[in-house]
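sequence plus the predicted model coming up.
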Amino acid sequence: MQLREYIRIFTRRAWIIALVVILSAASALLVSKLQTPEYRSTIILNVWPARLDWGLQQSIQNLMRNWAGKIVSRDTALRTINQLQLDITPEEFLAKVAAKPVESDSIIEVTADDLDPLIARDIAQVTAEIFVQDIDAWKITLDRRDQVDITIRDYALPGVLHKPKWKINVLAGAAFGLLAGILLVLVLQWLEADILRTPEDVEQQTGTAVLGVIPALTDAQTRSGALRKHKPEPTSSSAEA
């Protein structure tokens with residue numbers, strides 16, 4: 001099938017594709033609106049070595065992955081839960097918190113998710129403060145030349161909406177609807193492949209040219225023909241009169 005044929009098919013049934021796209025996008029929006037909103041608060045920890053030594057910096061970058069694991073440890077979770085007096089288990093707490101080291105920028109990014117934006121902020125802030133206290137206690141045991149300063153860049157702010165991302169969901173739903181609509185049109189075209197509707201269909205299927213077409217009668221023409229057929233013939237006496 002040539003490109004021209006595909007264009008003709010999609011143009012003729014563009015309304016089907018548009019309808020599927022609208023229904024799919026609307027469904028994605030509805031599902032997003034029904035989801036419970038979840039908020040995320042982020043706090044950044046700066047990691048500063050005591051001296052600009054390449055070997056020390058490499059060691060710190062390796063330690064940053066270990067420190068990120070300590071931030072999301074059960075010990076940190078229990079201490080944060082007790083300080084904030086949260087009614088959750090350590091496992092539930094750790095499902096809300098994540099720590100990501102960014103070695104190239106010498107930072108550790110801590111995020112906290114919760115249904116309440118203020119609680120998300122408090123979790124991120126207290127978790128970071130507890131970790132900084134632990135590092136401060138640990139670095140005292142080191143030589144001053146090998147010490148590392150970890151500080152909070154900015155205080156955590158109330159969480160911003162993290163889920164659901166309804167705009168992305170709507171775009172994804174529309175893209176899915178577009179693919180589904182195109183597939184549906186192709187399926188319909190395949191099901192009707194043996195039906196001859198136009199002279200072009202006849203020529204394509206038979207390979208012969210169409211010399212003439214008998215036009216279809218309209219409803220008015222059909223009714224008019226039926227009336228003439230059932231109209232009684234005039235009698236001879238009427239004709240003589």
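Sure, I can see it. Numbers count the residues shown, from 1 in each chain.

contacting residues for the spatially closest residue to Glu129 that is not a sequence neighbour?
Among residues not flanking Glu129 along the chain, Ile152 sits closest, at 7.2 Å (CB to CB, 6 or more residues apart in numbering). (C-beta placed from N, C-alpha, C; glycine too.) Contact partners of Ile152, counting by CB atoms under 8 Å, 6 or more residues apart in numbering, are Ile43, Ile44, Leu45, Asn46, Ala128, Glu129, Val132.

and those, which are buried?
Neighbour-count burial (16 or more other CB atoms under 10 Å) is assigned, among the contacts of Ile152, to Ile43, Ile44, Leu45, Ala128, Glu129.

so which of those are in helices?
Using DSSP state H, the members of these that fall in helices are Ala128, Glu129.

quick one on the thing from earlier: need the contacts of Ile152 in a markdown table (columns: pLDDT and distance to Thr89).
Formatted as a markdown table, these follow (pLDDT from 0 to 100; distance: CB to CB, whole Å):
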| residue | pLDDT | distance to Thr89 |
| --- | --- | --- |
| Ile43 | 95 | 23 |
| Ile44 | 94 | 27 |
| Leu45 | 93 | 25 |
| Asn46 | 91 | 31 |
| Ala128 | 94 | 21 |
| Glu129 | 94 | 21 |
| Val132 | 91 | 25 |
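
return the member of these nearest to Leu118.
Ile43 (14.2 Å; CB to CB).

the closest one bridge partners, please.
Val110 (DSSP bridges).

ok, Ile22 - how many residues close by?
By the criterion of other CB atoms under 10 Å, Ile22 has 14 neighbours.

dump the residue contacts of it.
Gly177.

Leu45 now?
By CB under 8 Å, 6+ apart, the neighbours of Leu45 are Ile107, Ile108, Glu109, Val110, Ala128, Phe131, Val132, Ile150, Thr151, Ile152, Arg153.

show me the contacts for the fifth one.
Pointing back at Ala128 there. Contacts of Ala128 by CB under 8 Å, 6+ apart are Ile43, Leu45, Ile71, Val110, Ile152, Ala156.

quick one: it from Lys96, how far?
The gap separating Ala128 from Lys96 is 14 Å, by CB to CB, to the nearest Å.

find the residue ranges of the protein scoring beneath the pLDDT cut-off.
For the chain, applying pLDDT under 70 flags the ranges 1-2, 50-58, 142-143, 145-146, 192-207, 209-241.

longest helix of it?
Longest helix in the chain, counting by DSSP H: helix 166-191.

mind listing what's buried along it?
Buried residues in helix 166-191 (16+ other CB under 10 Å): 166, 169-170, 173-174, 176-178, 181-182, 184-185, 189.

tell me the contacts of the residue nearest to the spatial centre of the chain?
Computing the C-alpha centroid of the chain and ranking residues by CA atoms, centre = their mean puts Asn169 first, at 3.7 Å. If you count contacts by CB under 8 Å, 6+ apart, Asn169 has them with Ala28, Leu29, Val31, Ser32.
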